[in-house]
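J.: The following block contains a protein sequence and its predicted model.
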Amino acid sequence: MTDTPTAAAASAGHPVTEGSLAACVADFLSAHDPATTPRIGFLRARFDAGLAWVQYPVGCGGLGLDVAAQSIVDAALEAAGAPDNAPHRNVIGLGMAAPTILAHGTLEQQRQWLRPLWTGEEIWCQLFSEPSAGSDLASLATRAVADGTDWVVNGQKVWTSLAHEARWALLIARTDPTVPKHRGLTYFVCDMRSPGVDVRALRQLTGEAEFNEVFLDNVRVPDRNRLGEVGAGWKVTQSTLMNERVAIGAGTAPREGGPIGFLADLWRQDTTHRTIGSFDRLLQLWVEAETMRLTTERLRQQAVTGTPGPEGSGSKLAYSQLAQRVSSLELDVLADRGLRFDDWTFRRPNLDEEHSRPAGYRFLRTKGNSIEGGTSEIMRNIIAERILGLPAESRTDTTTAWNELPR
């Protein structure tokens with residue numbers, strides 16, 4: 001890696017100002033013309049220059065700056081026609097794996113995984129949920145047994161997005177079955193190309209196979225791929241889960257980005273089924289979407305400066321509800337045309353084509369928003385008990401592990 005003047009200054013402890021950052025971006029662009037530099041080469045160089053995520057440390061794609069400075073970098077690169085790292089293709093890697101690796105990984109692990117993760121050369125998935133351990137994740141049964149310098153993993157995971165494309169997986173497994181369930185877990189990074197990893201597609205309501213079930217049969221994971229201490233996997237897992245909820249609920253979509261954008265565009269272009277009632281519903285949803293965008297942008301900026309808290313659960317819950325209501329109104333405006341669907345083929349999704357899918361697809365897909373990343377019921381429990389401080393309900397040992405954490 002070759003440091004830019006700004007990266008070198010940051011590494012040496014000298015303050016980096018807004019002006020010097022802008023100059024750094026200009027110098028970077030003069031040395032790496034987006035029009036002539038191959039895409040991956042450009043992204044690798046951007047990471048090495050500390051312009052990937054400026055709030056990260058020097059050497060990890062950043063400059064150790066305030067997260068607000070990222071907007072200076074992004075605006076300048078966008079104006080120059082620079083390629084992005086296609087974040088929609090690696091949402092788990094960027095939104096969950098990267099902050100977990102930064103918080104709990106060794107320097108060697110950070111240098112191994114963060115660069116190809118950010119450039120999109122290596123896709124990540126998440127081996128957490130199991131057939132009998134969804135909301136109560138700490139009850140998972142997948143075992144990891146020490147064998148020399150490796151761990152031998154056996155078990156089954158389910159609802160694993162991107163497992164069919166992923167090179168690496170965030171894996172939580174039980175390493176000590178003799179202690180209380182939260183204390184016997186260890187966190188690993190699993191190479192999805194390892195012998196014994198079997199990925200099987202799961203068909204969804206949309207007809208696509210976005211999710212998978214993953215069988216692990218004597219999969220060997222080197223101990224050097226362990227994140228955190230043996231038995232401390234639950235602590236590392238909380239970091240991932242809280243970042244996951246921020247990633248789902250506190251995205252970086254612009255105004256009228258996401259579901260509300262499709263609805264607003266439809267309203268402007270199609271006057272066939274407009275009514276006063278639907279117009280009132282549209283305005284209410286638009287205001288809610290904009291309010292949530294501004295609120296969650298603040299939450300996102302707070303999260304990247306440290307470990308996110310349970311507030312991400314509120315954003316995730318709000319996003320799930322809003323997306324479902326927006327997609328319902330979109331179908332109402334379309335009337336009978338909303339019944340049309342383009343393709344029920346059992347296939348893997350093309351993430352680059354989602355913007356061109358019909359309203360019926362969005363209506364069906366948003367049904368999963370209230371399940372993935374933690375169900376809405378679990379989100380309400382977290383908000384009630386961990387944010388509002390309300391007393392926990394009486395429950396059996398099979399209910400959510402979130403409610404069993406020490407206060």
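T.: Happy to help now that I have it.

J.: and the helix ranked longest in the chain, what does it pack onto?
T.: For the chain, the helix with the greatest residue count under DSSP state H is helix 276-304. Here helix 276-304 touches helix 233-249, helix 259-269, helix 311-334, going by 3 or more CB pairs under 8 Å, 6 or more residues apart in numbering; DSSP states H and E. (Each C-beta comes from the backbone N, C-alpha and C, glycine too.)

J.: tell me the angle of it relative to helix 311-334?
T.: Calculated by axes from the mean of the first three to the mean of the last three CA atoms, to 10 degrees, helix 276-304 forms an angle of 150 degrees with helix 311-334.

J.: same question for helix 276-304, mean pLDDT?
T.: When pLDDT is averaged along helix 276-304, the result is 84.

J.: Please apply the same query to stretch 31-46.
T.: 97.

J.: how far does the longest helix of the chain sit from the chain's center?
T.: In this view, helix 276-304 has its centroid 20 Å away from the chain centroid, taken as CA atoms, centre = their mean, to the nearest Å.

J.: Could you check the angle it makes with helix 259-269?
T.: Helix 276-304 runs at 150 degrees relative to helix 259-269, counting by the same axes, to 10 degrees.

J.: ok, back up a step: could you dump the helices and strands packed on helix 276-304 into JSON lines with distance to residue 25 and mean neighbour count added?
T.: Conversion of those to JSON lines gives the following (distance: least, CB to CB, whole Å; neighbours: other CB atoms under 10 Å):
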{"stretch": "helix 233-249", "distance to residue 25": "26", "mean neighbour count": "23"}
{"stretch": "helix 259-269", "distance to residue 25": "28", "mean neighbour count": "17"}
{"stretch": "helix 311-334", "distance to residue 25": "30", "mean neighbour count": "22"}
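
J.: Tell me which of those sits nearest to residue 342.
T.: Checking these against residue 342 by CB to CB gives helix 311-334 as the closest, at 13.6 Å.

J.: quick one: low-confidence ranges for this structure?
T.: Counting by pLDDT under 70, the ranges of the chain that qualify are 1-18, 245-253, 300-311, 394-407.

J.: what domains does the record give for it?
T.: Split into domains by automatic domain parsing, the chain comes to 1-84, 124-235, 236-404.

J.: tell me the most buried of the ones you listed?
T.: Ranked by mean neighbour count, those are led by domain 124-235 with a mean of 19 (mean count of other CB atoms under 10 Å).

J.: Check the separation of the first and last residues in that one.
T.: Across domain 124-235, the terminal residues are separated by 20 Å (CA to CA, to the nearest Å).

J.: and the longest helix of the chain with helix 233-249, angle?
T.: What separates the directions of helix 276-304 and helix 233-249 is an angle of 140 degrees, with the same axes, to 10 degrees.

J.: quick one on the thing from earlier: is it possible to get JSON lines of the domains of the chain that adds distance to residue 95?
T.: Supplementary listing: these in JSON lines, determined by distance: least, CB to CB, whole Å:
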{"stretch": "domain 1-84", "distance to residue 95": "12"}
{"stretch": "domain 124-235", "distance to residue 95": "10"}
{"stretch": "domain 236-404", "distance to residue 95": "3"}
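
J.: among these, which is nearest residue 114?
T.: With CB to CB as the measure, domain 1-84 is the member of the domains of the chain nearest residue 114 (5.4 Å).

J.: nearest to residue 115, of the domains of the chain?
T.: Taking the domains of the chain one by one with CB to CB, domain 1-84 is closest: 5.2 Å.

J.: For the stretch 101-250 of the chain, just list every one of the helices.
T.: 107-119, 233-249 (DSSP state H, counting those that start in this stretch).

J.: of all the ones you listed, which lies closest to residue 137?
T.: Closest approach to residue 137 among these is made by helix 233-249 (7.1 Å; CB to CB).

J.: ok, for residue 66, nearest residue in space, not its chain neighbours?
T.: Nearest in space to residue 66, with sequence neighbours left out and distances taken as CB to CB, 6 or more residues apart in numbering, is residue 55 at 6.7 Å.

J.: right, I mislabeled it, should have said residue 41
T.: With CB to CB, 6+ apart as the measure, residue 32 is the residue that lies nearest to residue 41, at 7.8 Å, once sequence neighbours are left out.

J.: wait, isn't that neighbour in contact with residue 45?
T.: Yes - Residue 32 is within contact range of residue 45, at 5.1 Å (criterion: CB atoms under 8 Å).

J.: any residues in contact with both of those two?
T.: By CB atoms under 8 Å, 6 or more residues apart in numbering, residue 32 and residue 45 have no common neighbours.
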